[in-house]
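[1] What follows is a predicted structure for the sequence shown.
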2 protein chains.
Amino acid sequence: MPSWNDTGPKQAIMAFVDKVTSTGSPDYVPPAERIAVFDNDGTLWSEQPVYFQALFMFDRIRTLVPQHPEWQEQEPFASVLKGDTAAALAGGEHALLEMAMATHAGTTTDEFQAIVSDWLASARHPTTGRRYTEMVYQPMLELLQYLRANGFKTFIVSGGGIEFMRPWVYEIYGVPPEQVIGSSIKTRYELRDGKPVLVRLPEINFIDDKSDKPVGINQHIGRRPTMAFGNSDGDFQMLEWTTSGPGARFGLIVHHTDGDREWAYDRESHVGRLNRGLDEGPARGWTIVDMKKDWATIYP
Amino acid sequence: MPSWNDTGPKQAIMAFVDKVTSTGSPDYVPPAERIAVFDNDGTLWSEQPVYFQALFMFDRIRTLVPQHPEWQEQEPFASVLKGDTAAALAGGEHALLEMAMATHAGTTTDEFQAIVSDWLASARHPTTGRRYTEMVYQPMLELLQYLRANGFKTFIVSGGGIEFMRPWVYEIYGVPPEQVIGSSIKTRYELRDGKPVLVRLPEINFIDDKSDKPVGINQHIGRRPTMAFGNSDGDFQMLEWTTSGPGARFGLIVHHTDGDREWAYDRESHVGRLNRGLDEGPARGWTIVDMKKDWATIYP
């Protein structure tokens, strides 16, 4: 893991992996049970100024407006079209849900996959000018590889959309679609011209956040992870569930402390807010990564 | 696959696997995309006289009656306690749901896992006297191993309960819990004496059957399988979805034709009814296994 400085977090990770993979160790975990779960936004890639999926949503509103001329006058869409996304988000959860459904439902699963892939191939981050998939954390890419090389299955457990992540996470993180857990809308199986499709419906199926992260982990994985990695209080219960298990367990929080190379935020941030994890994490034995101090490189 | 006779189905399976795994073949499928999905009841183990999970449910009602004396007088429980399970099931979906919730909810996920494991360790099938896990199909065990040896990830996609299968399918089938898809009830994360648990709630989350099997496959796997194996019309859409994909795909139906060694049933059966698959399967290129003719051995 060359992009990690030789400080506490790297040492803690390597010592833990060593003790759970060494035959004869009292903490030995058989390969089939080596499960590591990772939050995505703020843990594997950046999440400022807002979650990248929200930026996708805003771009998609601009793309779809010719089919929805009424959006020019109708909030929260009108604010997005005027470039005032803060005003659009000021409508709270109801406004967010309305925009999410208008931009994420109504297509087949195959069509949506193509829409996400096309967007990622052309879109650029508003302040860095990088492609979004270039804003992943190099130390975490190395960690994912290191864990897989030690027999771990790596899973993503994100509040982001499961179908928003699947088209690209294998290429970027080496995580296959069947190891992605996320929020989802319902789908319906139907035949179109004799060919079956899955149609994305404007109805929430599951929100994979906070105390529902352990629920999602149980639904998809069916056993308690050995290691969990997060960055915000939305990951608190995932780390709590993981590290309360019997045997050796590991929890880690990425603390965004580097305002020069990335962003510095925690207790007051509107995305990735981190309070409880900072207050309680150390006493629970969780490792806290100080990005500025512990990471030699941020982006690839 | 020594328990398969050298007839059409075995030849079709081996020819298909050969063409999708041979480098340079026009039908080559990369290892990461080799996904095989298997129904469970009637495809990997027997399902007569009723689904084994229903027999678990009846046993559980008998176990729990001391805490529920009112069941002695209350249908459908009273009929189960009198040994008349046909009368109990005559109440239809409502009665079934009531019994399922009374026997499957109210515990933590860890407790339920122990209950299922304890039941399987002691329960015996009413007519064969075998343990339920000894009523799995030897040819299918060999097929699962053969596919994994050829780089396939094997998944179970069953109408049965996901938490009812997970405690034993790794040991019996070699399928890890994270590769099991099934029906489920909702769970809630909560702290008990400061320790987190997932509590099983008496509320349906997902019924993994018929046109919802492709929905479940998409939720959990996120891509279309290469091969699908079923035995009833509850598997029709899973096979349709799989074999409608681009590239080489394979569908197979196990037809229960052996009344001597197992059970013979299809179009009129109350479990595992098979009509449409027999009528349309061959024209769709699906392989039909005639258990009596194609399998040299049934049980291990």
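    Nice, thanks for sending it over. Numbering: from 1, shown residues only, chains lettered A, B, ... in the order given.
[2] residues making contact with the lowest-mean-pLDDT helix or strand in chain A?
    Confidence across the helices and strands of chain A bottoms out at helix A:85-89, with a mean of 90, counting by mean pLDDT, DSSP states H and E. The set of residues that contact helix A:85-89 without belonging to it, under C-beta atoms under 8 Å, 6 or more residues apart in numbering or on different chains, is A:Val50, A:Ala54, A:Phe58, A:Glu75, A:Pro76, A:Phe77, A:Ser79, A:Val80, A:Ala95, A:Leu96, A:Met99. For the C-beta atoms, the positions are set from N, CA and C on the backbone; glycine is no exception.
[3] so after it, what's the next helix or strand?
    Sequence order places helix A:92-104 as the next helix or strand after helix A:85-89, per DSSP states H and E.
[4] mind listing what the residue in the stretch 201-300 of chain A that chain B sits nearest to touches?
    Across the stretch 201-300 of chain A, no residue is closer to chain B than A:Gly222, which sits at 3.2 Å (C-beta to the nearest C-beta). Contact partners of A:Gly222, counting by C-beta under 8 Å, 6+ apart, are B:Ile162, B:Glu163, B:Arg166, B:Pro177, B:Glu178, B:Val180.
[5] what's the distance between it and B:Pro2?
    To B:Pro2, A:Gly222 is 31 Å away according to C-beta to C-beta, to the nearest Å.
[6] related to what we said a few turns ago, reformat the contacts of A:Gly222 as a markdown table; add pLDDT and distance to B:Thr107.
    Written out in a markdown table, the entries for those read as follows (pLDDT from 0 to 100; distance: C-beta to C-beta, whole Å):
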| residue | pLDDT | distance to B:Thr107 |
| --- | --- | --- |
| B:Ile162 | 98 | 15 |
| B:Glu163 | 98 | 10 |
| B:Arg166 | 98 | 14 |
| B:Pro177 | 98 | 17 |
| B:Glu178 | 98 | 22 |
| B:Val180 | 98 | 19 |
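[7] closest to B:Asp39 among those residues?
    The closest of the contacts of A:Gly222 to B:Asp39 turns out to be B:Val180 (C-beta to C-beta; 11.9 Å).
[8] Not counting its neighbours along the chain, what's nearest that closest one?
    Distances taken as C-beta to C-beta, 6 or more residues apart in numbering or on different chains put B:Ile156 closest to B:Val180, at 4.8 Å, once the chain neighbours are dropped.
[9] CA atoms of the helix or strand harbouring the one you found as CSV?
    Of the helices and strands defined by DSSP H and E, B:Ile156 is found in strand B:153-161. Backbone C-alpha positions of strand B:153-161 (Å, rounded to 0.1, in the frame of the first residue of the first chain) are rendered in CSV as follows:
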residue,chain,number,x,y,z
LYS,B,153,-20.2,-18.4,-9.6
THR,B,154,-23.2,-20.5,-8.5
PHE,B,155,-26.3,-18.8,-7.0
ILE,B,156,-29.5,-20.1,-5.5
VAL,B,157,-32.7,-18.2,-6.6
SER,B,158,-35.5,-19.7,-4.7
GLY,B,159,-39.1,-18.9,-3.6
GLY,B,160,-38.0,-20.3,-0.3
GLY,B,161,-36.9,-18.1,2.6
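[10] Paired strands for that strand, with orientation please.
    Sheet pairing of strand B:153-161 (DSSP bridges) gives strand B:35-38 (parallel), strand B:180-192 (parallel).
[11] highest average neighbour count across the ones you listed?
    Compared across the strands paired with strand B:153-161, strand B:35-38 shows the largest average neighbour count, a mean of 26 (mean count of other C-beta atoms under 10 Å in any protein chain shown).
[12] Pull it out as PDB, backbone CA atoms only.
    Taking only C-alpha atoms (Å, rounded to 0.1, in the frame of the first residue of the first chain), the coordinates of strand B:35-38 have been written out as PDB:
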ATOM      1  CA  ILE B  35     -23.100 -16.700 -13.400                       C
ATOM      2  CA  ALA B  36     -25.300 -19.800 -12.900                       C
ATOM      3  CA  VAL B  37     -28.600 -19.600 -11.000                       C
ATOM      4  CA  PHE B  38     -30.400 -22.500  -9.500                       C
END
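[13] about what we covered before: out of the contacts of A:Gly222, which is nearest to chain A?
    The closest of the contacts of A:Gly222 to chain A turns out to be B:Pro177 (C-beta to the nearest C-beta; 3.2 Å).
[14] And the helices in chain A, which stretches?
    For chain A, the helices identified by DSSP state H occupy A:8-21, A:52-64, A:77-81, A:85-89, A:92-104, A:109-122, A:138-149, A:162-173, A:212-220, A:236-243, A:276-280, A:291-294, in order along the chain.
[15] least reliable of these going by mean pLDDT?
    Mean pLDDT across the helices of chain A is lowest at helix A:85-89; the value there is a mean of 90.
[16] So which bits of that helix are buried?
    By neighbour count, and taking 16 or more other C-beta atoms under 10 Å in any protein chain shown as the criterion, the buried residues in helix A:85-89 are A:Thr85, A:Ala88, A:Leu89.
[17] same check, this time on stretch A:274-291
    Under the neighbour-count criterion of 16+ other C-beta under 10 Å, stretch A:274-291 has A:Leu274, A:Gly277, A:Gly281, A:Trp286, A:Thr287, A:Ile288, A:Val289, A:Asp290, A:Met291 buried.
[18] circling back: and the contacts of A:Gly222, which two are the farthest apart?
    Pairwise distances across the contacts of A:Gly222 (C-beta to C-beta) peak at 13.1 Å, for the pair B:Glu163 and B:Glu178.
[19] quick revisit: and the buried residues of stretch A:274-291, which of them are in strands?
    Those of the buried residues of stretch A:274-291 mapping onto strands are A:Thr287, A:Ile288, A:Val289, A:Asp290, per DSSP state E.
[20] Count the neighbours of A:Gly216 for me.
    Other residues within reach of A:Gly216, judged by other C-beta atoms under 10 Å in any protein chain shown, total 24.
[21] Isn't it up against A:Lys210?
    No. The pair A:Gly216 and A:Lys210 does not pass the contact test of C-beta atoms under 8 Å, sitting 10.6 Å apart.
[22] one step back: pLDDT at the residue of the stretch 201-300 of chain A closest to chain B, what is it?
    In the predicted model, A:Gly222 carries a pLDDT score of 97.
[23] Excluding chain neighbours, what is closest to it?
    In space, A:Gly222 comes closest to B:Pro177 once its chain neighbours are excluded; the distance is 3.2 Å by C-beta to C-beta, 6+ apart.
[24] Next, format the buried residues of stretch A:274-291 as JSON lines and append distance to chain B.
    Converted to JSON lines, the buried residues of stretch A:274-291 look like this (distance: C-beta to the nearest C-beta, whole Å):
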{"residue": "A:Leu274", "distance to chain B": "20"}
{"residue": "A:Gly277", "distance to chain B": "15"}
{"residue": "A:Gly281", "distance to chain B": "15"}
{"residue": "A:Trp286", "distance to chain B": "15"}
{"residue": "A:Thr287", "distance to chain B": "20"}
{"residue": "A:Ile288", "distance to chain B": "21"}
{"residue": "A:Val289", "distance to chain B": "23"}
{"residue": "A:Asp290", "distance to chain B": "27"}
{"residue": "A:Met291", "distance to chain B": "28"}
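[25] so can I have JSON lines of the residues you listed showing distance to A:Val20?
    As requested, the buried residues of stretch A:274-291 are arranged in JSON lines below (distance: C-beta to C-beta, whole Å):
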{"residue": "A:Leu274", "distance to A:Val20": "27"}
{"residue": "A:Gly277", "distance to A:Val20": "23"}
{"residue": "A:Gly281", "distance to A:Val20": "20"}
{"residue": "A:Trp286", "distance to A:Val20": "16"}
{"residue": "A:Thr287", "distance to A:Val20": "15"}
{"residue": "A:Ile288", "distance to A:Val20": "21"}
{"residue": "A:Val289", "distance to A:Val20": "20"}
{"residue": "A:Asp290", "distance to A:Val20": "25"}
{"residue": "A:Met291", "distance to A:Val20": "25"}
